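In: coordinates only, no sequence provided:
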């Protein structure tokens, strides 16, 4: 197939250059098997080149890269326009191309060159000078985009760049500070913060914003704040510029409460599981606030967090009750007369209600996804009771259904296999994979025995 025209390649190149990292990664994977002489061969080469360039750019601009997101106008966290980063890098390559080429070679060394970080910091300083002067068209355009995104956006970006070297050193230690909070990491975290404050007395909030941007779970920055400030009191933190970090976490917990209370049980097991993951996250976030901020339970944040804990337990328990009802409804029972004795047994002569089964599976998937959160979430007893009850009900149901398959008439057990499959799926969600597999094996054995019983009867 003919290659793309040169003009189209230029257009595609601009699109690739401005794509977010995750989009670029997806493009790279999608084009991985594209051959060179195909219509998309040139596009694949563009993407591969951009991936390599992006990795280098992200290393040079590491303390700031995660802050360039979307339009840069997020009101809950400090961000800058992604398009500004594209312009900044383009401008840097023009004004410091030779230095970048030299640094690129140093970055390829194994082990890395010992002066590499310092050279990266020099490039950030070059960018800062360009943004300040606004003499280069790309730097000027980047500064203008930042100002459009938020008041004094370019000035704020320059303030962040002034402490980029400090943040770069801190980023290397973040995994230890986050995974092992305590006395061993508190002192280094405080020293890094103090280094930032030496650069600028007003650097505190920007420093924590830059650290938070580096974390997969942004709210974990509370651990660093707590280490630096030796577990601040709610009164102190709420009156500081850092109050937004804790308030954002509590706002997210409120959003989780709404999500749990309103998710649609008809939406399917995937939604149920995703909601459980969100409930688990809410538990972790509440624990994070309680661990890292000295709260007063009777007022302010302390009262709010305590109320959120109660509400979380309440909405989860309501969903668990819904799961109980849905599961029982999905496995209908009726009275039968066996050897002159009337008793309740599974109704296997009608098809399972697909909507009801889907509802139950969604809610049971929610319950199953809560396993790791029950001990700290306040709903351990409710979930334990549900698991215990449904385990017993399912065991009895399967026993009775298997017995009916072996002894009943064909028209009375026409949908026995379908119901046992439902029971197996429920058992998997309630008691684990082995329990579900056991039900499937018992159902299969019962079906194999059925024709033998018929022959013997004849």
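Out: Alright, I've got the coordinates. Please read these numbers as outputs of a predicted model, since none were measured by experiment.
In: can you name every helix or strand that the longest helix anywhere in the chain contacts?
Out: The single longest helix within the chain, with elements called by DSSP state H, is helix 300-330. On a contact count with 3 or more CB pairs under 8 Å, 6 or more residues apart in numbering; DSSP states H and E, helix 300-330 meets helix 234-238, helix 243-262, helix 269-292, helix 354-368, helix 374-377, helix 380-407, helix 416-431. C-beta coordinates here come from the backbone N, C-alpha and C atoms, glycine included.
In: need these in TSV with distance to residue 189 and mean pLDDT, can you?
Out: As requested, the helices and strands packed on helix 300-330 are arranged in TSV below (distance: least, CB to CB, whole Å; pLDDT from 0 to 100):
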stretch	distance to residue 189	mean pLDDT
helix 234-238	16	94
helix 243-262	15	96
helix 269-292	12	96
helix 354-368	37	96
helix 374-377	25	85
helix 380-407	34	90
helix 416-431	42	92
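In: among those, which is nearest residue 101?
Out: Between residue 101 and the helices and strands packed on helix 300-330, the tightest spacing by CB to CB is seen for helix 243-262, at 39.7 Å.
In: who touches that closest one?
Out: For helix 243-262, contacts defined as CB atoms under 8 Å, 6 or more residues apart in numbering pick out 76-77, 208, 212, 218-219, 221-222, 225, 237-238, 275, 278-279, 281-282, 285-286, 288-289, 293, 301, 304-305, 308, 311-312, 315-316, 318-319.
In: repeat the analysis, applying 7 Å as the threshold.
Out: Contact with helix 243-262 is made by 76, 208, 219, 221-222, 225, 237, 275, 278-279, 281-282, 285-286, 288-289, 293, 301, 304-305, 308, 311-312, 315-316, 319, as judged by CB atoms under 7 Å, 6 or more residues apart in numbering.
In: and it, which residues are buried?
Out: Within helix 243-262, the residues that qualify as buried are 244, 245, 246, 247, 248, 249, 250, 252, 253, 256, 257, 260, counting by 16 or more other CB atoms under 10 Å.
In: same check on stretch 94-112?
Out: Quick answer for stretch 94-112 (16+ other CB under 10 Å): 95, 96, 100, 103, 107.
In: so which of these are in helices?
Out: 95, 100, 103, 107.
In: so what's residue 288 up against?
Out: Here residue 288 is in contact with 219, 220, 222, 249 (criterion: CB under 7 Å, 6+ apart).
In: how does it look with 8 Å?
Out: 219, 220, 222, 223, 249.
In: residue 302 now?
Out: Here residue 302 is in contact with 234, 295, 296 (CB under 8 Å, 6+ apart).
In: and of those, the nearest to residue 443?
Out: Using CB to CB, these come closest to residue 443 at residue 295, 52.6 Å.
In: tell me the spacing between the closest residue to the closest one other than its chain neighbours and residue 237.
Out: Distances taken as CB to CB, 6 or more residues apart in numbering place residue 302 nearest to residue 295, at 3.5 Å, with adjacent residues excluded. Distance of residue 302 to residue 237, computed by CB to CB, to the nearest Å: 12 Å.
In: and what of residue 312?
Out: 22 Å.
In: same question for residue 433.
Out: Residue 433 is 45 Å from residue 237, by CB to CB.
In: near residue 378, how many other residues are there?
Out: Per other CB atoms under 10 Å, the neighbour tally for residue 378 reads 19.
In: chain neighbours aside, what residue packs nearest to it?
Out: With CB to CB, 6+ apart as the measure, residue 313 is the residue that lies nearest to residue 378, at 3.6 Å, once sequence neighbours are left out.
In: dump the residue contacts of the one you found.
Out: By CB under 8 Å, 6+ apart, the neighbours of residue 313 are 377, 378, 379, 382.
In: in those, which residue is surrounded by the most others?
Out: Neighbour counts for the contacts of residue 313 peak at residue 379, which has 24 neighbours (criterion: other CB under 10 Å).
In: these two touch, right, that one and residue 366?
Out: No - applying CB atoms under 8 Å as the test, residue 379 and residue 366 come out as separate, 11.4 Å apart.
In: for the closest residue to residue 169 other than its chain neighbours, helix, strand, or coil?
Out: Leaving aside its sequence neighbours, residue 169 sits nearest to residue 192 (CB to CB, 6+ apart; 6.7 Å). Recorded secondary structure, residue 192: helix (DSSP: H, G, I helix; E, B strand; the rest coil).
In: for residue 178, see how far away residue 192 is.
Out: With distances taken as CB to CB, residue 192 is found 13 Å from residue 178.
In: the two - which one has more neighbours?
Out: residue 192 (24 against 19).
In: show me what contacts that one?
Out: By CB under 8 Å, 6+ apart, the contact set of residue 192 is 166, 169, 170, 173.
In: switch the cut-off to 10 Å
Out: 163, 166-167, 169-171, 173-174, 177, 207, 211, 224, 227-228 (CB atoms under 10 Å, 6 or more residues apart in numbering).
In: mind checking which of those residues are in strands?
Out: Under the assignment DSSP state E, these contribute nothing to strands.
In: okay, those residues in JSON lines with distance to residue 361, pLDDT and neighbour count next?
Out: JSON lines is the format used below for the contacts of residue 192 (distance: CB to CB, whole Å; pLDDT from 0 to 100; neighbours: other CB atoms under 10 Å):
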{"residue": "163", "distance to residue 361": "51", "pLDDT": "97", "neighbour count": "23"}
{"residue": "166", "distance to residue 361": "51", "pLDDT": "97", "neighbour count": "23"}
{"residue": "167", "distance to residue 361": "46", "pLDDT": "97", "neighbour count": "25"}
{"residue": "169", "distance to residue 361": "50", "pLDDT": "96", "neighbour count": "15"}
{"residue": "170", "distance to residue 361": "46", "pLDDT": "96", "neighbour count": "24"}
{"residue": "171", "distance to residue 361": "43", "pLDDT": "95", "neighbour count": "18"}
{"residue": "173", "distance to residue 361": "45", "pLDDT": "94", "neighbour count": "13"}
{"residue": "174", "distance to residue 361": "40", "pLDDT": "94", "neighbour count": "20"}
{"residue": "177", "distance to residue 361": "41", "pLDDT": "93", "neighbour count": "21"}
{"residue": "207", "distance to residue 361": "47", "pLDDT": "97", "neighbour count": "24"}
{"residue": "211", "distance to residue 361": "41", "pLDDT": "97", "neighbour count": "26"}
{"residue": "224", "distance to residue 361": "41", "pLDDT": "96", "neighbour count": "27"}
{"residue": "227", "distance to residue 361": "44", "pLDDT": "94", "neighbour count": "23"}
{"residue": "228", "distance to residue 361": "46", "pLDDT": "94", "neighbour count": "20"}
